[in-house]
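[1] Structure of the sequence below:
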Amino acid sequence: MNHLPEAIDPGVVVLSASLQLLHINHQAISLLKQVQGSTSQADGAPNLTAPLHTHGQDIITAMRQRLVSHDFTPFYCYRAIGEPAHQILLKGFGLPNQRGFPHSRIVILLVPQSR
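    Now for the predicted structure:
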């Protein structure tokens, strides 16, 4: 039998251009609770942690610049958060929309990094 390490599904967070939480899966909730012991809202979803919010802001800044130049190509930004022994890689995707900034979206994958 081959003993391969068990694959860990990434956490998925979808945000509006105003950083409103549109979707979050259970893995993302679990990972965000590990980082800074995030607090939960009434529906059980964690509030955006500071690093996730900051990463979203960076993506928004880049997205605004792309929209001004009529560049609607999706793009990505990476950032690592958490303690060195338990880091989480944030893979943030900016999805500019031709209809304008309010219709654009941000998708962030949270991928635990094994050490």
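[2] L32 is in contact with V12, isn't it?
    No: counting by C-beta atoms under 8 Å, L32 does not reach V12; the two are 11.5 Å apart. Every residue, glycine included, has its C-beta placed from N, CA and C.
[3] anything in contact with each of the two?
    L110 (C-beta atoms under 8 Å, 6 or more residues apart in numbering).
[4] quick one, which of these two is more surrounded?
    The neighbour comparison of L32 against V12 (other C-beta atoms under 10 Å) goes to L32, with 25 against 15.
[5] roughly how far apart are that one and L15?
    For L32, the distance to L15 equals 13 Å [C-beta to C-beta, to the nearest Å].
[6] Over to P74?
    P74 is 14 Å from L15, by C-beta to C-beta.
[7] higher neighbour count, the two?
    Between P74 and L15, counted using other C-beta under 10 Å, the more crowded position is L15 (24 against 12).
[8] For beta bridges, what are the partners of the more buried one?
    Taking DSSP bridges as the rule, L15 bridges to L21, I106.
[9] That one is in contact with G56, isn't it?
    Yes: assessed by C-beta under 8 Å, L15 is found in contact with G56 at 5.7 Å.
[10] other SSEs contacting the helix or strand bottoming out on mean pLDDT in the chain?
    Every helix and strand in the chain was compared by mean pLDDT, DSSP states H and E; the lowest is helix 26-34, with a mean of 88. When contacts are defined as 3 or more C-beta pairs under 8 Å, 6 or more residues apart in numbering; DSSP states H and E, helix 26-34 packs onto strand 11-16, strand 105-112.
[11] Of all those strands, which one is nearest I60?
    Among these, strand 105-112 comes nearest to I60, with 7.3 Å by C-beta to C-beta.
[12] Strand 11-16 and the closest one, what's the angle between them?
    160 degrees (axes from the mean of the first three to the mean of the last three C-alpha atoms, to 10 degrees).
[13] mean confidence for strand 105-112?
    Averaged over strand 105-112, pLDDT sits at 96.
[14] Keeping just the C-alphas, turn it into CSV.
    This file holds the C-alpha atoms of strand 105-112, laid out as CSV (Å, rounded to 0.1, in the frame of the first residue of the first chain):
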residue,chain,number,x,y,z
ARG,A,105,-15.5,39.7,-7.1
ILE,A,106,-12.6,38.4,-5.0
VAL,A,107,-12.0,34.7,-4.4
ILE,A,108,-9.5,33.7,-1.8
LEU,A,109,-8.3,30.1,-1.3
LEU,A,110,-6.8,29.3,2.1
VAL,A,111,-4.3,26.6,1.8
PRO,A,112,-2.6,25.2,4.9
